[in-house]
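Visitor: Any chance you can model this:
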Amino acid sequence: MHLVKPLWLTHPGELKDFEVYSCHVSPDGSRLATAAGDGHVRIWSTEAILNSRDPEFPKPKQLAAISHHTGTIHTVRFSSHGKYLASGADDKVVCVYALDPNAPAHASTFGSNEPPPVENWRVVRRLIGHENDVQDIGWSYDSSILVSVGLDSKVVVWSGHTFEKLKTLSNHQSHVKGITFDPANKYFATSSDDRTVKIYRFTSPPPNATPQDQVNNFMLETTISSPFLTSPLTTYFRRCSWSPDGAHIAAANAVNGPVSSVAIISRGTWDGDINLIGHEGPVEVCAFSPRMFHRDPPRPENTDANGQSLQHSVTVVACAGQDKTLSIWNTSYARPFAITQELAMKSISDLAWAPNGETLFVTSLDGSIMAMIFEPGELGYPASLVENEKSLSKFGAGRRVGLVEGTDALLLEESSKAGELKGVQGRMGALMGDGGAVQPPTITNGTNGTLPALTNGSTNGTSQAPTPQAGPPPDQRVEKLKQRVTVTKDGKKRIAPMLVSSSSGVGESSLPQTRLVSATTTAAGRSDNPHSILDLSKPYDGYPKGGLVSMLIGNKRKHAEIEGDDERKVERRLASAARGGGAAIVLNGENGLIPPSVAAAKSTDIEASKVLRPAIVSPSLSVSQVRLAIPKVRSVIVRTMDGSEPPSTTAVDPNTGGKPENDAVLLEARNATGPSRTGRPQDHDPARINCTKRGQLLWQDFLPKAVLLVTGNVNCFAAACEDGSIYAWTPAGRRLINALVMEAQPVIMDCRGWWLMCISAVGMCYIWNLQTMSAPHPPISLAPILDIAAHSQGPYLTRSPGIIFARMNSEGRIIVAMSNGDGYTYSPNMYAWQRISEPWWSVGSNIKSSNNRQPAKETNDHVSIENISAGIIPTLERNTTNQFLLQGRAFYLQRLIKALVSAEGYETFEASVSVAHLENRVAAAQTLGAREEFKIYLSMYVKRLGAEGLKGKIEELLRSLMGDLLAEDSDADTNASKEDSICGWKKEDLLREVILILGKHRDLQRITVPYARLLGIVNEKQDDQVMIEDM
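Guide: A predicted model of the protein is given here:
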């Protein structure tokens, strides 16, 4: 080991060198980035540092000096793919830089002693999300996210593609001073002055991820506090490090009794029983070497037939801090095998290993930057990178990118990534103010910026591509203003400047514009109110209520004359209350404003419903295995035609003081409430069925028995009675069918389109189509899904689950959600119940609900054919999660899952359960006939298969989607009867989309390229390339 400390390797100041707070080495090992108190990020050539003893070394030493912060820079980190460099400072900003291949535009800053820059590093983004100093930053190992931590106790997660803020984590209670990432890309750890290290679990977000997509990502896994209970709060940093094999975390500033130490936290159990003791002061930074080492050099006796080493691999970690001592530890020894004391005059602030794992760069607050170079074999003998991948594979780490299979594979990969890139650019364009329009780059191919039309053999030379809709013609007056040239006093010509506000909105004004509404129907989203457009096709209605007079003199009503108040004491009291800033409470009367105490009580058309008595129990319940609760007989039951909430009995319009107008059609069932008119209890009054609108009676009917349930929509109304009979009417009041009789009282009734569903008290479910007067299947029992057999086979009877809700979709498929978290649907083709959702997915899978929003309300209470299920799968999964958490079973199952993830033999547990969860979603969407959801879940499933590299499942899926495309002519008649679509989608279109999704995975291109050629995906790209080359 020898130490290299060049004199020129500093951040120079006028009187002394600035404190250096951070350093990092690029992934290719050619650059060293340092950050210091002078507000500069300096990039050095590592080759020049290692050859500093040679005075005639010809290459430049400092490659660039970047100054885009207004304060001290605390941290600097290269991204894992080497494309970006990020820095964080005490100005609360994180800057992201990228290397511009063009030469620097300027030699150096005038008046400074800075050498001219060799490389042109420009700022790509300035990330603003912290409220205090940024102390540390870190990139994930696939560069998909950037995480910054600071003194505001926040952990901010940024997208590594768009640099959009994805999530802010506020779990820490004090300054956060360190961040490190798991090499297996499953976790990241943060260290804070609240004397804890918190582990967060995450899944790498896609390039087009949004904060709404990542609500259930970046979740707190565990908190480790035992090694840090009495750790001092005087350290500037708490920089921890994750070992290259993914098994341990080295956490700085730990204590073992009264002694400072470094805690080694084991993965999975997350305990800190191992401590590295020896430093006299608090340790501020730990850094694992990125390579794993063997104790002995490779020999024939310790390698297998494939050249893989048979030795046990070890890791190396470097530690330093306030005692100005650097220690190097190896897992083979209980003591450090290298200690360097008094390495600097002040605390050591950061450590960075070169990618070869045998060169360590050190920075200190005294301004020194040095490199420690270890001789071959001194740390051990570096293991191959295959050893790292093998160690990380058991933690579910991703695979390496495979070799490209050929030109067709490259074209397919380009097509696969084009859609994702376009979506990302469109969203970022919208954020930057260009409307989100993404224009493809113009291919000049050596011409002067012009591209001749491609006729491709056509005689007229016109293109068949659809022409975009022409925008509004530019205002000629504005065009003249843009090109107006003026002459100054000294004779120079200048273009007159124009206000941005006048050039940005050509022809637009904030004043009302006179135009016909029919001429502006193509402008989507334009509001049709008088403040923006004067509609000349109808009378102008921009005046307030009361017309021009009320606008000029006001529309404030006078107080009405109150009987017995000749001196108007009430009016004066209300006026005095208004002068003090209060608002007098008054109501609109016939003659003016009156206080509420004087106003007469308003009568309501809909009286409050009250329970009259329990329903009569059917004798069939005594012998039934299923017994559901029966609704009680109520005085009034109301249902609206559109499914909305009935109007409230106490609602008051704030403008008029009366009842608000409501255009909803109401079906109202009124059961008999008074005593019998004949003296006999059985001679009660019949139940009245009233259909009203705005208080006007549309039609009326009478039923002999008490009504328990009503339902309806624009197609029909239905009422279920206490004796198990069901009546149905048209919207005009005509009876559709004779009374339908069930074996017990109705419990749940619902309608959807022409479908009517009713569940009886003995658990029998009936479904009818009132348009065709038929049923899709015989009555089915709910007993299988109520799990009665399983609950009654134990040593004692236990409570069976209950029904949370039962619904239908527009195909007449019943969906039932249970109180134990399960969700079911009945398949009329297979004559069996199918479980769509269960608690196993909510805990064991890392696939969260893709549709967390509530489904939009359907028009006319009818679900469109394009989206038959109306989001029923996400609804069932939300019910599963809610019920599972309410019962408390999730806590114990989560503990079991966490133990299984780190147990031997269950390395692929999480990945397998997640894939099975997506397969369950695809099958559920196909069973329900959910067209849009089927395509969404199929895309998610294919992306996960590609990420996991499950070639067998991918080949099988592609063969099933290929369908009749490869059928022989002899089999044409046999296959003619087979359906060529799935859930309303053509198999060929689905196959094309699947191929484009999988095209970016190079290790799968041997499978996908033949399908791409067959579908013409690659040939189309090749034709475009040939046409460009012919130009």
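Visitor: Map the structural domains onto the sequence of the chain.
Guide: Under the assignment named as the TED database, the residue ranges that make up the domains of the chain are 1-108+117-132, 226-299+309-395, 624-648+661-674+684-775.
Visitor: Point out the most buried one among those domains.
Guide: By mean neighbour count, with neighbours taken as mean count of other C-beta atoms under 10 Å, domain 226-299+309-395 ranks first of these at a mean of 20. From N, CA and C alone the C-beta is placed, and that goes for glycine too.
Visitor: pLDDT averaged over that one, what's the number?
Guide: Computed over domain 226-299+309-395, the mean pLDDT rounds to 89.
Visitor: picking up where we left off before, for the domains of the chain, give me CSV that also has distance to Val1018.
Guide: As requested, the domains of the chain are exported to CSV (distance: least, C-beta to C-beta, whole Å):
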stretch, distance to Val1018
domain 1-108+117-132, 27
domain 226-299+309-395, 31
domain 624-648+661-674+684-775, 45
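Visitor: Out of those, which is closest to Ala184?
Guide: For these, proximity to Ala184 was assessed by C-beta to C-beta; domain 226-299+309-395 is nearest, at 3.9 Å.
Visitor: bridging residues for Ala89?
Guide: Residues in a beta bridge with Ala89, per DSSP bridges, are Ile73.
Visitor: quick revisit: with Met219 as the reference, name the closest of the domains of the chain.
Guide: Using C-beta to C-beta as the criterion, the shortest distance between Met219 and the domains of the chain is 14.8 Å, found for domain 226-299+309-395.
Visitor: What is the end-to-end distance of the closest one?
Guide: 25 Å (C-alpha to C-alpha, to the nearest Å).
Visitor: same question, stretch 362-380
Guide: Taking C-alpha to C-alpha as the measure, stretch 362-380 stretches 21 Å from start to finish.
Visitor: now that stretch, how far from the chain's geometric center?
Guide: Averaged C-alpha coordinates place stretch 362-380 at 43 Å from its chain's average position (C-alpha atoms, centre = their mean, to the nearest Å).
Visitor: same question, stretch 290-300
Guide: A distance of 43 Å separates the centroid of the chain from that of stretch 290-300, by C-alpha atoms, centre = their mean.
Visitor: which residues touch it?
Guide: Outside of stretch 290-300, the residues within contact range by C-beta atoms under 8 Å, 6 or more residues apart in numbering are 244-245, 302, 309, 311-316, 330, 332, 353, 355-358, 377, 379-383, 387-388, 391.
Visitor: Show only the entries of those found in helices.
Guide: Counting by DSSP state H, the part of the contacts of stretch 290-300 found in helices is 387-388, 391.
Visitor: Thr203 versus the residue sitting nearest the centre point of the chain, what's the distance?
Guide: In the chain, the residue lying closest to the centroid (C-alpha atoms, centre = their mean) is Asp213, at 0.6 Å. Using C-beta to C-beta, to the nearest Å, one gets 11 Å for the distance from Asp213 to Thr203.
Visitor: Select, out of the domains of the chain, the one closest to Met940.
Guide: Closest approach to Met940 among the domains of the chain (C-beta to C-beta): domain 226-299+309-395, 23.1 Å.
Visitor: what's the spacing between the closest one and its chain's center?
Guide: Distance, stretch centre to chain centre, for domain 226-299+309-395: 36 Å (C-alpha atoms, centre = their mean).
Visitor: what's the answer for stretch 121-136, then?
Guide: With C-alpha atoms, centre = their mean as the basis, the mean position of stretch 121-136 lies at 23 Å from the chain mean.
Visitor: end-to-end on that stretch?
Guide: Across its full length, stretch 121-136 reaches 21 Å between end residues, using C-alpha to C-alpha.
Visitor: Show residues contacting that stretch.
Guide: With contacts defined as C-beta under 8 Å, 6+ apart, stretch 121-136 is touched by 43, 64, 66, 68, 74-75, 84-85, 88-90, 92-100, 146, 148-152, 154, 156, 158, 163, 165, 168, 175-179, 237, 239.
Visitor: 7 Å instead?
Guide: Applying C-beta atoms under 7 Å, 6 or more residues apart in numbering, the contact partners of stretch 121-136 are 43, 64, 66, 68, 74-75, 84-85, 88-90, 92-100, 148-152, 154, 156, 158, 163, 165, 168, 176-179, 237, 239.
Visitor: cool, stretch 22-36 as well?
Guide: Around stretch 22-36, the neighbours that count as contacts under C-beta under 7 Å, 6+ apart are 11, 18-21, 41-47, 49, 63, 73-78, 80-82, 85, 87, 349-350, 352-356, 361, 363, 369.
Visitor: Could you list every helix and strand in contact with the strand or helix carrying Ala98?
Guide: Element membership for Ala98 (DSSP states H and E) is strand 93-100. In terms of contact count using 3 or more C-beta pairs under 7 Å, 6 or more residues apart in numbering; DSSP states H and E, strand 93-100 is assigned the packing partners strand 84-89, strand 120-128.
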